[in-house]
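*Asks:* just the structure for this:
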Amino acid sequence: MAGCSGSAGPAPSVTPTVPSPAGSPKPTTASLTPTTPAVAIEQQCRSNLVLDGRAIALTSLNPSSASSTVSLIDVTTPSDPQQLCTYPVFRWQARFISASVLGYAAYLANSNPSDGEIGTFDILRASSRTVVRWQNGGFGAGTFAWSPDGSLAYVRATAGTDALSGAGSWELHIRQRGQDRVLTTLPGVPGRGVSADDDDTFLAFSPDGQYIALETTFTGPSQVRAAADGSLVKALPQGITMAVWAGTGLFYRDQGGVYRWDPTGTTSLVLPGVKWIRPRASSDGKWIAYSVRDSTGLPHVNVFSVSAGTTFSISSGGRVDAVFLTPTILWDREERLCTASDACFMSPTLPTGMTFIYDLATRLESRSVIAAVGAVWPRMD
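*Replies:* Take a look at the predicted model:
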């Protein structure tokens, strides 16, 4: 396709005894010398591309559609998504910072430890900028989040002591106004197995940009900090997982169910006994979609109303990985129970290859041509 094509070019780089998480943030040195990004992001876009005012998403499309590469699509009408750009090779974690700028983390080797970088990619200019670069990073290195004002929170993870170790330690950093600060240092990550339904790492700013939440089952403690000065606001309970911001609240799960913490200091149990999996909030903060498994292991997608505190199910079963494409349109993927002949590893279910969209306004479900969804804009982390 003609239009904004090309690879990203050079741009400036800004790149456990465990102290108490309440310790004062420490300023660190960050490089301001120009460097060439280690990754080249190739894209092909429509001519005269306009992104502002659209609901857009990075997706993989089904093989029967126009392209099997990663695509940037307009999902304003989810039943008829319009392809805007394609990316022949896309191996990075990515989130939208704005409608036209992506934040990404790229790992330069498929191994642990690995070198890597966090950067930004301007879709309209087809240009990237390295923000942080690391070497010999362990498990968790490059976990990142962007605030509405462009501040960056990220994890630096040192390599483990041996081939079986996940990471030697985690440092939670914030980069804002040209300064890079360490907010806290967490213990190392031991080598172990991973549970897809129980393990999680969530790093995100609150929608108003005032707070940073780090929830992880791999080290700890999970916590909420003030973005302005890095001070500890809330040490979250041990053993929590599957966190998400919605509205003004941070929601998370433990053995007792799903809780809501608010910056006012209140914590309340909102879904007793519910073991939600991979919650995702709508961009307006009104809804949270999540999966739960029934007694057979089959997953169901439910939707929680943040204001009313009520839930409803959107299907009879076999749905996972729900993502809001718009404030009222959900995408999800169908799975079935594994059989004796299936090679199931981390889950009792397998994808069927079918995906769906669900309209919260009409309560109707239909087939989707979108095979997988990554980043969505407008977003709610």
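*Asks:* what is the end-to-end distance of stretch 156-167?
*Replies:* 10 Å (C-alpha to C-alpha, to the nearest Å).
*Asks:* so for it, mean pLDDT?
*Replies:* The average pLDDT for stretch 156-167 rounds to 76.
*Asks:* where does the chain have low pLDDT?
*Replies:* 1-38, 62-68, 109-113, 162-165, 381 (pLDDT under 70).
*Asks:* quick one: the strands in the stretch 1-150 of the chain?
*Replies:* 11-12, 26-28, 34-35, 44-45, 56-61, 70-74, 82-87, 93-96, 101-107, 114-122, 127-137, 144-146 (DSSP state E, counting those that start in this stretch).
*Asks:* so which elements touch the longest one?
*Replies:* Other elements packing on strand 127-137 under the criterion 3 or more C-beta pairs under 8 Å, 6 or more residues apart in numbering; DSSP states H and E are strand 11-12, strand 114-122, strand 152-157, strand 170-176. Where you see a C-beta, it was placed from the backbone N, CA and C, and this is true even at glycine.
*Asks:* quick one: strands adjacent to the second one?
*Replies:* Read that as strand 114-122. Next to strand 114-122 in the sheet, as set by DSSP bridges, lie strand 101-107 (antiparallel), strand 127-137 (antiparallel).
*Asks:* and those: which comes nearest residue 303?
*Replies:* strand 101-107 (27.5 Å; C-beta to C-beta).
*Asks:* tell me what angle that closest one forms with strand 56-61.
*Replies:* With axes from the mean of the first three to the mean of the last three C-alpha atoms, to 10 degrees as the basis, strand 101-107 and strand 56-61 are set at 50 degrees to each other.
*Asks:* excluding chain neighbours, give the residue nearest to residue 377 in space.
*Replies:* residue 96 (4.0 Å; C-beta to C-beta, 6 or more residues apart in numbering).
*Asks:* mind listing what that neighbour touches?
*Replies:* 56, 102, 103, 375, 376, 377, 379 (C-beta atoms under 8 Å, 6 or more residues apart in numbering).
*Asks:* need those in CSV (columns: distance to residue 309).
*Replies:* Listed next are these as CSV, based on distance: C-beta to C-beta, whole Å:
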residue, distance to residue 309
56, 31
102, 34
103, 33
375, 29
376, 25
377, 28
379, 24
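*Asks:* give the ChimeraX command for selecting the buried subset of these.
*Replies:* Applied in ChimeraX, the following selects the buried portion of the contacts of residue 96 according to 16 or more other C-beta atoms under 10 Å:
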select :56,102,103,375,376,377,379
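*Asks:* which two among the contacts of residue 96 are spaced furthest apart?
*Replies:* 56 and 103 (14.8 Å).
*Asks:* nearest to residue 332 among the contacts of residue 96?
*Replies:* residue 376 (13.4 Å).
*Asks:* am I right that residue 344 is in contact with residue 335?
*Replies:* No: using C-beta atoms under 8 Å, residue 344 is not in contact with residue 335, being 10.5 Å away.
*Asks:* spit out the residues that contact the two alike.
*Replies:* The contact lists of residue 344 and residue 335 share residue 350, where a contact means C-beta under 8 Å, 6+ apart.
*Asks:* more neighbours, those two?
*Replies:* Between residue 344 and residue 335, counting by other C-beta atoms under 10 Å, residue 335 is the more crowded of the two (23 against 13).
*Asks:* looking at the helices and strands packed on strand 127-137, spot the one closest to residue 249.
*Replies:* Across the helices and strands packed on strand 127-137, closest to residue 249 is strand 152-157 (C-beta to C-beta), at 18.9 Å.
*Asks:* what pairs with that closest one, parallel or antiparallel?
*Replies:* With DSSP bridges as the test, strand 152-157 pairs up with strand 144-146 (antiparallel), strand 170-176 (antiparallel).
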